[in-house]
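Engineer: model this:
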Amino acid sequence: MQDHPHRYILLGVALIALLLGGCAPAATPVPPTQAPPAATQAPAPTTAAVAAPTTAATAAPTTAAAVQPDLAFFNGKTVTYIVATSTGGGYDTYARTIAPYVQKYLPGSTVIVKNVPGAGHIIGANEDYAAKPDGLTIATFNTALIYSQIVGAPGIQFDLTKFTWIAKLSSDNRALLVSTKTPFQTFDDALKASQTTPIVLSSAGVSSASNIDALLLQQATGLKVKMISGYSGNESDLAILRGEVQGEMGSYSSLAPFVSSGDGRILLQIGMKKDPTLPNVPLLSDIVAPDKKAIADLILTDASLGRLVAAPPGVPDARRQALIQAFQKATADPDFLAAAKKEKIPIDPAFGDDVGNLVKSALNQSPSDLTILKSILGPALKGK
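Structural biologist: Sure, this is the predicted structure:
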């Protein structure tokens with residue numbers, strides 16, 4: 001059959017109509033629910049984000065492309081860096097070591113460190129949470145507040161999911177230290193002895209990582225402990241020297257100087273892998289019974305989310321980005337890395353949404369783990 005020329009004309013008209021009908025008008029706005037900001041579209045970080053090497057500091061934070069950092073705002077302003085414990089401890093050392101470099105990368109600013117100890121870091125975290133959300137107040141406090149929030153510890157006036165997350169500075173194995181004046185040479189020595197007389201350990205407070213990790217360790221291994229609270233910063237070391245307590249739980253970087261001085265001995269470490277300087281000290285994961293592994297895994301949160309840095313809720317995103325960028329550049333600064341090495345504090349940073357997502361993930365425990373946490377920690381954190 002011969003083609004008719006009108007057939008091609010009709011087909012062309014139909015095709016044009018079809019194309020025009022499928023095009024949305026250019027001026028039609030996209031509903032917010034259909035186009036969330038780039039910051040909310042980033043996937044949740046994997047565990048690799050926790051264990052990123054120091055060079056990760058040079059990578060852009062999750063939301064870096066969303067808003068231009070407002071560095072000009074900080075010119076001539078004072079940034080208060082709250083440390084939720086007293087002077088001399090690991091949190092204080094991290095803050096005072098990095099503060100000059102954060103100041104360097106917030107041109108024209110002055111960064112001051114303010115120690116606000118008390119209630120196992122709760123008081124400092126409360127002060128940060130209640131501060132004016134202008135980007136001029138940041139704080140560092142311990143990861144164990146995650147568990148305190150889960151079980152509803154008294155005194156908490158914050159919601160960790162609502163903080164403006166800036167950074168975390170390290171991944172640092174947790175460790176059990178005892179005085180060299182004790183007879184315990186190994187963890188097994190302490191475990192056996194504790195069945196008769198509990199091992200006396202210090203802590204900053206019932207909500208502190210040192211207290212919570214010790215209680216979880218007791219449940220995971222059967223090590224009997226007696227906790228004495230009220231020792232903030234490096235006061236635990238002094239308490240050990242005075243013979244008031246036999247040991248403490250803490251970040252290995254904070255405990256290492258006490259070991260180097262010959263006054264302390266590490267019996268157990270908790271982390272993804274052994275610290276290279278502790279090749280003969282067992283990992284908790286190597287000795288824990290299979291049915292207690294879930295409890296042991298809870299302690300790993302403290303090891304992977306070390307030295308958190310947060311601002312109050314509601315900080316304008318441009319200022320948040322400026323703070324993230326300042327910490328990002330500070331942790332990559334060769335002079336800072338040299339200073340950190342001198343202080344023997346490990347640097348393994350993450351930033352912004354990556355940190356916030358890790359905190360939210362830690363808060364989102366399974367029903368079985370929630371039962372464990374509430375049974376072990378609930379009475380202690382609520383003073384019962």
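
Engineer: Before we move on, what's the pLDDT of the residue nearest the centre of the chain?
Structural biologist: The structure's the chain has its C-alpha centroid closest to Leu305; by Cα atoms, centre = their mean the separation is 3.2 Å. Leu305 carries a pLDDT score of 86 in this model.

Engineer: Skip the chain neighbours and tell me the closest residue to it.
Structural biologist: Thr143 (4.6 Å; Cβ to Cβ, 6 or more residues apart in numbering). To be clear about C-beta, it is placed using only N, CA and C from the backbone, and glycine gets the same treatment.

Engineer: follow-up on the earlier one: so the residue nearest to the centre of the chain sits right up against Asn357, yeah?
Structural biologist: No: between Leu305 and Asn357 there is no contact under Cβ atoms under 8 Å: 11.1 Å.

Engineer: Against which helices or strands is the helix or strand containing Leu176 packed?
Structural biologist: Leu176 is part of strand 174-179 when elements are defined by DSSP states H and E. Judged by 3 or more Cβ pairs under 8 Å, 6 or more residues apart in numbering; DSSP states H and E, the packing partners of strand 174-179 are helix 187-194, helix 209-221, helix 235-242, strand 247-251, helix 252-260, strand 264-270, helix 293-304.

Engineer: what's it in contact with?
Structural biologist: 184, 187, 190, 199, 209, 213-214, 217, 240-241, 243, 246-252, 255, 258-259, 263-271, 278, 281, 299, 302-303 (Cβ atoms under 8 Å, 6 or more residues apart in numbering).

Engineer: hmm, 7 Å instead?
Structural biologist: 184, 190, 213, 217, 240, 246-252, 255, 258, 263-271, 299, 302-303 (Cβ atoms under 7 Å, 6 or more residues apart in numbering).

Engineer: on that earlier part again, tell me how far the residue nearest to the centre of the chain lies from Gln219.
Structural biologist: Applying Cβ to Cβ, to the nearest Å, the value for Leu305 to Gln219 is 21 Å.

Engineer: What are the contacting residues of the helix or strand where Ala338 lies?
Structural biologist: Secondary-structure assignment from DSSP H and E places Ala338 in helix 334-343. Residues outside helix 334-343 that contact it (Cβ under 7 Å, 6+ apart): Thr54, Thr93, Thr97, Ile98, Tyr101, Ala330, Ile347.

Engineer: Now list the buried members of these.
Structural biologist: Using 16 or more other Cβ atoms under 10 Å as the burial test, these include Thr93, Thr97, Ile98, Tyr101, Ala330, Ile347 as buried.

Engineer: Only alpha carbons, please: show the host helix or strand of the second one as PDB.
Structural biologist: Spelled out, that is Thr97. For Thr97, the enclosing helix or strand under DSSP H and E is helix 90-104. Presented in PDB, the C-alpha positions along helix 90-104 are these (Å, rounded to 0.1, in the frame of the first residue of the first chain):
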ATOM      1  CA  GLY A  90      41.500  13.800  78.400                       C
ATOM      2  CA  TYR A  91      38.600  16.000  77.400                       C
ATOM      3  CA  ASP A  92      40.400  19.000  78.700                       C
ATOM      4  CA  THR A  93      43.600  18.100  76.900                       C
ATOM      5  CA  TYR A  94      41.800  17.600  73.600                       C
ATOM      6  CA  ALA A  95      40.000  20.900  73.800                       C
ATOM      7  CA  ARG A  96      43.000  22.900  74.900                       C
ATOM      8  CA  THR A  97      45.200  21.300  72.200                       C
ATOM      9  CA  ILE A  98      42.800  22.000  69.300                       C
ATOM     10  CA  ALA A  99      41.400  25.400  70.400                       C
ATOM     11  CA  PRO A 100      44.200  27.500  69.000                       C
ATOM     12  CA  TYR A 101      43.800  25.900  65.600                       C
ATOM     13  CA  VAL A 102      40.000  26.300  65.600                       C
ATOM     14  CA  GLN A 103      40.700  30.000  66.300                       C
ATOM     15  CA  LYS A 104      43.200  30.000  63.500                       C
END
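
Engineer: okay, now the domains of the chain?
Structural biologist: Segmentation of the chain into domains, based on automatic domain parsing, reads 46-171+305-368, 174-301.

Engineer: So in that sheet, which strands flank the strand holding Leu176, and in what orientation?
Structural biologist: Applying DSSP bridges, strand 174-179 is found paired with strand 247-251 (antiparallel), strand 264-270 (antiparallel).
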